[in-house]
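*Asks:* Sequence isn't available, so here's the structure alone:
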């Protein structure tokens with residue numbers, strides 16, 4: 001620990017407590033898991049959207065008149 005502290009001081013880095021390091025690593029794991037879940041949701045929704053577009057026509061509303069208000 002003393003050698004690591006000297007190395008950190010020489011490198012001008014902040015020294016972080018082991019408990020705080022474990023806490024931050026846990027937070028990183030949670031965020032990575034959440035990112036993976038959200039990425040999977042996006043892929044599933046894109047596939048569903050592509051499949052639904054192939055099954056039925058997409059209805060579009062008419063464009064408003066060019067000359068101003070109704």
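*Replies:* Yep, it's here. Worth saying up front: this structure is predicted, and the values here are computed from it rather than measured.

*Asks:* Show the average pLDDT along the helix or strand hosting residue 37.
*Replies:* Using DSSP states H and E, residue 37 falls within helix 18-55. Per-residue pLDDT over helix 18-55 has a mean of 94.

*Asks:* So what's the gap between it and the chain middle?
*Replies:* Between the centre of helix 18-55 and the centre of its chain there are 7 Å (C-alpha atoms, centre = their mean, to the nearest Å).

*Asks:* same for it, what does it pack against?
*Replies:* On a contact count with 3 or more C-beta pairs under 8 Å, 6 or more residues apart in numbering; DSSP states H and E, helix 18-55 meets no helix or strand. Just so you know, the C-beta spots here come from the backbone N, C-alpha and C atoms, and that holds for glycine as well.

*Asks:* And for stretch 22-40, what's in contact with it?
*Replies:* residue 16 (C-beta atoms under 8 Å, 6 or more residues apart in numbering).

*Asks:* what about 10 Å?
*Replies:* 16, 17 (C-beta atoms under 10 Å, 6 or more residues apart in numbering).

*Asks:* Okay, buried residues for it please.
*Replies:* Buried residues in stretch 22-40, defined by neighbour count with 16 or more other C-beta atoms under 10 Å: none.

*Asks:* Next, find the distance separating the residue nearest the centre of the chain from residue 41.
*Replies:* Against the mean C-alpha coordinate of the chain, by C-alpha atoms, centre = their mean, the closest residue is residue 35 at 4.9 Å. For residue 35, the distance to residue 41 (C-beta to C-beta, to the nearest Å) stands at 11 Å.

*Asks:* how close does residue 31 sit to residue 25?
*Replies:* In terms of C-beta to C-beta, residue 31 sits 11 Å off from residue 25.

*Asks:* Now do the same contact list for residue 51.
*Replies:* Going by C-beta under 10 Å, 6+ apart, the list of residues near residue 51 is empty.

*Asks:* From residue 25, how far out is it?
*Replies:* From residue 51 over to residue 25 the distance is 39 Å, taken as C-beta to C-beta.

*Asks:* Next: residue 34.
*Replies:* 15 Å.
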